[in-house]
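A.B. asks: Sequence below, structure please.
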Amino acid sequence: MQLVKHILEKKGNQVYSISPDQTVFEALNFMSEKGIGALLVMESDKVLGIMSERDYARKVILHGKSSKELKVGEIMSENVLCVDINNSIDECMAVMNSKRVRHLPVVENGKLTGILSIGDIVNAVIEDKEFTINQLTNYITGNR
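C.D. replies: Reported below is the predicted structural model:
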C-alpha cells in the first residue's frame, strides 16, 4: 500500500504559495508559469486557504469581476482539507472524491510538507496497478 510520503519522495515536496493580498491576476500568472492548477494562500507558515482555477472560474469570471483588481483573499477557499504524510493513497482518493477537491496539502507533525494533486494520486494508483499486473504476469508465465 502506497502512502502519501512515497509520492512526495518521488515528486518532491515543492509547495507554491501566494499572499492573500496579491491580485488574482498575479496568482493566475504564477500558476501558468509553474504549470499548476492551485496555490496555497499563506501568511508566514500559516495556510489561510487555497486558490484554484475553479475558484477563478466560479468567483471571478462568472461574476464579471476583474482579476487585476480582486485580491486572492477575496476568492480563496478557506476550509482547506489536509492529509497526513502517513495517510494511504486510498484515503486521499476518498477525501478528494467525497469533498470534491483536487488538491490536498500534506502535513507532518502539524507542519506543511507538500501538496498532492488528483493527478499525483491517479499516477500512483496506475503505477501500483502496473506493478501488480507485472507480478501476476511473471508468476503465470514462470518468469522471475
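A.B. asks: OK, contacts around the most centrally placed residue in the chain?
C.D. replies: In the chain, the C-alpha nearest the mean C-alpha coordinate belongs to His103, at 2.7 Å (C-alpha atoms, centre = their mean). Residues near His103 by C-beta atoms under 8 Å, 6 or more residues apart in numbering: 37-38, 50, 52, 115-118. C-beta: built from backbone N, CA, C; applies to glycine.
A.B. asks: Show me which positions of stretch 92-106 end up buried.
C.D. replies: For stretch 92-106, the neighbour count (16 or more other C-beta atoms under 10 Å) marks 92, 95-96, 101-106 as buried.
A.B. asks: Quick check: the farthest pair among the residues you listed?
C.D. replies: For those, with distances taken as C-beta to C-beta, the pair at the greatest spread is Arg102 and Val106 (14.4 Å).
A.B. asks: Dump the C-alpha coordinates for the lowest-mean-pLDDT helix or strand in the chain into CSV.
C.D. replies: Ranking every helix and strand in the chain by mean pLDDT, DSSP states H and E puts helix 118-141 at the bottom, with a mean of 86. Extracted in CSV, the C-alpha atoms of helix 118-141 (Å, rounded to 0.1, in the frame of the first residue of the first chain):
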residue,chain,number,x,y,z
ILE,A,118,-5.5,14.5,-8.1
GLY,A,119,-3.0,13.8,-10.9
ASP,A,120,-0.4,12.6,-8.4
ILE,A,121,-3.0,10.2,-6.9
VAL,A,122,-4.0,8.8,-10.2
ASN,A,123,-0.4,8.3,-11.3
ALA,A,124,0.3,6.5,-8.0
VAL,A,125,-2.7,4.2,-8.5
ILE,A,126,-1.7,3.4,-12.1
GLU,A,127,1.8,2.7,-11.0
ASP,A,128,0.6,0.4,-8.3
LYS,A,129,-1.7,-1.5,-10.7
GLU,A,130,1.0,-1.9,-13.3
PHE,A,131,3.3,-3.4,-10.6
THR,A,132,0.6,-5.9,-9.6
ILE,A,133,0.0,-6.8,-13.3
ASN,A,134,3.7,-7.4,-13.9
GLN,A,135,4.0,-9.5,-10.8
LEU,A,136,1.0,-11.6,-11.8
THR,A,137,2.2,-11.9,-15.4
ASN,A,138,5.6,-13.1,-14.2
TYR,A,139,4.0,-15.6,-11.9
ILE,A,140,1.8,-17.0,-14.5
THR,A,141,4.5,-17.2,-17.2
